[in-house]
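> Here's a sequence, model it:
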Amino acid sequence: MSAFDFLDAFYRAEHDQAGLLSDLSRVLASESADVRLIPFGCESESVDWFDHRVKGSRVTTMLKKQDRFHEFRLDYTFTQAGQKCSKSGRFFVLQHPEYPKVFVALTIEPSVFFDKALVPFLGGLYPKVLLTFITHKRLKRLVEEFKTAGGCKDLVITRASQRLRYQEGSHFKHAMPVVSWPQMSLDEAFDWVRQNNGWFQSLEFEVKDSDRVTATISVTRQGIVKANGLLHRAYNIFTLSACKTIHENITLFSHRARLAHPDLSTSPLVIEFDTDQFNEVEENKRLIQAMRKLRTASVSVLHGNPYLHLSLLDYFDGSAFDLWVLDNRRIILVPQLKASVAAIKRLVNHVFDDYAEGHLSSYQGVGQ
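Next up, the predicted model:
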């Protein structure tokens, strides 16, 4: 009997939006399998346009549509050991009930489908499809919430991929990835990464009931979740939180360009830090070094001391920004005539990834 015979039985059964998570949970309870969930934002309030979408060696076919529920088949080819392979798999898409431009893709297919087909397919739809990013502090809060919701005594981190930011005088030249299996407690792992000026790209942990492992969960900075149990809890805490972040970002980043306003006025954003990040003028240099690693845009330094003023031009779509540091705690991002949601997200992601994380909001001016 094939190791994946359960997939055929699963797909022959009828599924709908209300019961899909329960159906998937029953499979996890009886089979050795993983469910993967990818929250994403979309330019439109529908994914009907996924049907017959071709991206490289990948093409989708819509098999079912029912209200906010879609089922697709994804055919793909790849090379393995010098041989060309053709395969197909299925995935579902749920539309968020409150945020019409936010969706979740789910699949129970094996990892080869996820890695070689689904993730590259969705990535190839950028910028019409956008993933999110979860800040280091928020990721820790979500993992703690997951732990508390199930009454777990402890969660053990079994695998982590962390990125360490550039530090002056260190051997790190950029945010470099490190993969480890630290077997650390939650607090130990997050404290270590914070002390080393980094963040988790992905985090995998075991959930234990006494000495028995009840589930292994992984979550990435993009909100992608893999679970072999406790699916409802993982969905409610990690996936729905990522959906809310996507909605908030789409709302916050939209209509920021000067051309979006009749009087061509600016609509700046601000990244605010908890401490006096720019207390020393030397910190301006560190930010400049980090911004010059932004490969998707040109970066020009217009002024560097005592205040900082950078000009950025996005290579993908021509979006333009001014970046200012005028006080000790804030970076001000000023979109110019053109500023797409995707370009703003790229810029903010880069600041958070390669320089430091802060609190993002609309700029209200000094003292307001």
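
> Run through the stretch 251-368 of the chain and note the low-pLDDT ranges.
365-368 (pLDDT under 70).

> now the helices: where do they sit in it?
For the stretch 251-368 of the chain, the helices defined by DSSP state H, counting those that start in this stretch occupy 282-291, 341-354.

> Packing partners of the longest one?
Helix 341-354 is packed against strand 129-130, helix 240-253, strand 269-272, helix 282-291, strand 308-314, strand 320-325, strand 330-335, with contacts defined by 3 or more CB pairs under 8 Å, 6 or more residues apart in numbering; DSSP states H and E. In this view, the C-beta of every residue, glycine as well, is placed from N, C-alpha and C.

> could the ones you listed be laid out in CSV, adding mean neighbour count and distance to Glu204?
Converted to CSV, the helices and strands packed on helix 341-354 look like this (neighbours: other CB atoms under 10 Å; distance: least, CB to CB, whole Å):
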stretch, mean neighbour count, distance to Glu204
strand 129-130, 21, 25
helix 240-253, 19, 17
strand 269-272, 20, 29
helix 282-291, 17, 28
strand 308-314, 19, 34
strand 320-325, 20, 35
strand 330-335, 22, 32
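
> Switch the ones you listed over to a markdown table; also include distance to Ser30.
Output for those, formatted as a markdown table (distance: least, CB to CB, whole Å):
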| stretch | distance to Ser30 |
| --- | --- |
| strand 129-130 | 33 |
| helix 240-253 | 26 |
| strand 269-272 | 47 |
| helix 282-291 | 49 |
| strand 308-314 | 49 |
| strand 320-325 | 52 |
| strand 330-335 | 50 |
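
> Among the ones you listed, which comes closest to Tyr363?
Tyr363 lies closest, by CB to CB, to one member of the helices and strands packed on helix 341-354: strand 269-272, at 4.3 Å.

> Need the residues that contact the closest one.
When contacts are defined by CB atoms under 8 Å, 6 or more residues apart in numbering, strand 269-272 is touched by residues 252-253, 256, 329-333, 335, 344, 348, 351, 358-364.

> Mind doing that once more with 6 Å?
Contact partners of strand 269-272, identified using CB atoms under 6 Å, 6 or more residues apart in numbering, comprise 329-333, 358-361, 363.

> rewinding a little: which among the helices of the stretch 251-368 of the chain is found nearest to Asp322?
helix 341-354 (11.2 Å).

> can you list contacts of that closest one?
If you take CB under 6 Å, 6+ apart as the criterion, helix 341-354 is touched by 127, 133, 175, 253-254, 290, 293-294, 296, 314, 319.

> Restricted to buried residues, select those residues in ChimeraX.
Selecting only the buried entries of the contacts of helix 341-354 in ChimeraX, with 16 or more other CB atoms under 10 Å as the criterion:
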select :133,175,253,290,294,314,319
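
> give the contact list for Lys25.
Not Lys; residue 25 is Ser. Leu231.

> What distance do you get for it to Trp192?
33 Å (CB to CB, to the nearest Å).

> Could you list everything His309 pairs with in the sheet?
Note on His309: beta-bridge partners His303, Trp324, judged by DSSP bridges.

> With Val213 instead?
Beta bridges link Val213 to Lys208, judged by DSSP bridges.

> Tell me how many other residues surround it.
Val213 is flanked by 13 other residues according to other CB atoms under 10 Å.

> thinking it is in contact with Val207, fair?
No. Taking CB atoms under 6 Å as the definition, Val213 is not a contact partner of Val207, at 7.0 Å.

> sorry, back to before: reformat the helices of the stretch 251-368 of the chain as CSV; add distance to Phe69.
As requested, these are exported to CSV (distance: least, CB to CB, whole Å):
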stretch, distance to Phe69
helix 282-291, 42
helix 341-354, 26
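
> Pro97 is nearest to which of the ones you listed?
Nearest to Pro97, of the helices of the stretch 251-368 of the chain and by CB to CB, is helix 341-354 at 22.0 Å.

> Would you point out which residue is most central in the protein?
The chain has Gln222 as the residue nearest its centroid, 1.6 Å off, counting by CA atoms, centre = their mean.

> Once you drop chain neighbours, what's closest to that residue?
Nearest residue to Gln222, sequence neighbours excluded (CB to CB, 6 or more residues apart in numbering): Leu131, at 4.5 Å.

> returning to that earlier point: now for the helices of the stretch 251-368 of the chain, which one comes closest to His15?
helix 341-354 (31.8 Å).

> quick one: the closest one to helix 240-253, angle?
Relative orientation of helix 341-354 and helix 240-253, computed by axes from the mean of the first three to the mean of the last three CA atoms, to 10 degrees: 120 degrees.

> just use 10 as the starting number from now, easier for me
Got it, first residue is 10 now, which makes that one helix 350-363.
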